[in-house]
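A.B. asks: Fold the stuff below for me.
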Amino acid sequence: MSVTSNSTFITSKFNAIFSDFKQLTKVGLSLSVVFSSLAGYLLAVEKIDFSILVLLAIGGFLMVGASNAFNQIIEKDTDALMKRTMNRPLPTGRMHVSMALVIAVSFTVMGLAILYSINPKSALFGAISIFLYTSVYTPLKSITPLSVFVGAIPGAIPFMLGWVAATDDFSIEPGMLFLIQFFWQFPHFWAIAWLQYEEYKKAGFNLMPMGQKNKKAVVQIIIYTVCLILVSILPVLKLTGSFYIYPLTALILVFLGGIMLYYAIQLYKHQTDKEARQLMLSSVFYITLIQVIYVVDKFLH
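C.D. replies: You can find the predicted model right below:
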């Protein structure tokens, strides 16, 4: 084998391994969680400590990567049944379970150690997140649609985690950040569950509220979307400690939440995948923008 072809082989092999690693730890999702944590941190501080910011980003990334890896180890066989997940490294056999386990455990230990170096409370919430996601939410998925409520807890921790990392305190402000991301999980995840209903069914998962893909399920989506809008603008009343927003900011958030609500109502009327997809995309748009808007609002105070 020539030097050129040998180096090409090594490069392609490395790319394949790196691609599998990215799939196992869901790098895209992990980065969005890091974004939430950093936004929570920026909301809490008067003066930015970039060393804490970097530690929080790395610790948060490892924490979510560990959760995703554990999840894929547990769901290896069910992943093989769904088009969306059958090409993941574990069901295809490209990666051995023992290797995935090494990655998951290493990420857990390193992630929690880094969060602990910021403060113990950050590590505690990181540990709670990993435990609930892997040991409670993942096994419950095949048993009851109520698993979504359990999964919403670790899903809501990142935004709050940033505030705790900045202040070493859990009070009403991080509690509000938790509530916002908690209520957001439901319209977002149920929109995905609507789109993946048949695929999830194949794997033995039924994640729609009350187990049905119908108008009753969409009523639940609408209720939680309204709750999300209300908790998002609650800081305008200045009842949430040092976390408050301007009235104009609240109006902008009502408008953005209204977009989500519009697609939820359209889903109720038409019950097609098109509206579910629009709702899902608008929910991603909402949670990203709301975090940016909160931070901008804070630095205008």
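
A.B. asks: List the residues that contact the residue nearest to I259 when sequence neighbours are not counted.
C.D. replies: Once flanking residues are discounted, I259 sits nearest to S282: 5.1 Å by Cβ to Cβ, 6 or more residues apart in numbering. In short, each C-beta sits where N, CA and C put it, glycine included. Going by Cβ atoms under 8 Å, 6 or more residues apart in numbering, S282 touches I259, M260, Y263.

A.B. asks: Tell me the buried residues within those.
C.D. replies: In the contacts of S282, burial by neighbour count holds for M260, Y263, counting by 16 or more other Cβ atoms under 10 Å.

A.B. asks: Show me the shaky parts of the stretch 201-301 of the chain.
C.D. replies: Judged against pLDDT under 70, the stretch 201-301 of the chain has no low-scoring part.

A.B. asks: Tabulate the contacts of S282 (TSV), appending distance to L43 and secondary structure.
C.D. replies: Putting these into TSV (distance: Cβ to Cβ, whole Å; DSSP: H, G, I helix; E, B strand; the rest coil) gives the following:
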residue	distance to L43	secondary structure
I259	23	helix
M260	22	helix
Y263	27	helix
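
A.B. asks: okay if I get the contacts of S282 as CSV plus distance to L230?
C.D. replies: Shown next, in CSV, are the contacts of S282 (distance: Cβ to Cβ, whole Å):
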residue, distance to L230
I259, 16
M260, 13
Y263, 18
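
A.B. asks: how near is the residue nearest to I259 to A127?
C.D. replies: 33 Å (Cβ to Cβ, to the nearest Å).

A.B. asks: Provide the secondary structure category for T144.
C.D. replies: Going by DSSP: H, G, I helix; E, B strand; the rest coil, the secondary structure assigned to T144 is coil.

A.B. asks: Grab the most central residue of this structure for me.
C.D. replies: By Cα atoms, centre = their mean, the chain has its centre lying nearest to G155, at 4.7 Å.

A.B. asks: That one contacts Q181, doesn't it?
C.D. replies: Yes: assessed by Cβ atoms under 8 Å, G155 is found in contact with Q181 at 6.8 Å.

A.B. asks: How is the protein divided into domains?
C.D. replies: Domain segmentation of the chain under automatic domain parsing yields 18-168, 171-301.

A.B. asks: As CSV, those with distance to T11 would be great.
C.D. replies: Shown next, in CSV, are the domains of the chain (distance: least, Cβ to Cβ, whole Å):
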stretch, distance to T11
domain 18-168, 10
domain 171-301, 33
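
A.B. asks: for those, which one sits closest to S12?
C.D. replies: domain 18-168 (10.4 Å; Cβ to Cβ).

A.B. asks: tell me how far that closest one is from the chain's mean position?
C.D. replies: 8 Å (Cα atoms, centre = their mean, to the nearest Å).

A.B. asks: tell me how far the ends of it are from each other?
C.D. replies: 35 Å (Cα to Cα, to the nearest Å).

A.B. asks: what do you get for stretch 111-128?
C.D. replies: Termini of stretch 111-128 sit 13 Å apart (Cα to Cα).

A.B. asks: Pull out the buried residues from it.
C.D. replies: 111-112, 114-116, 118-119, 121-123, 125-127.
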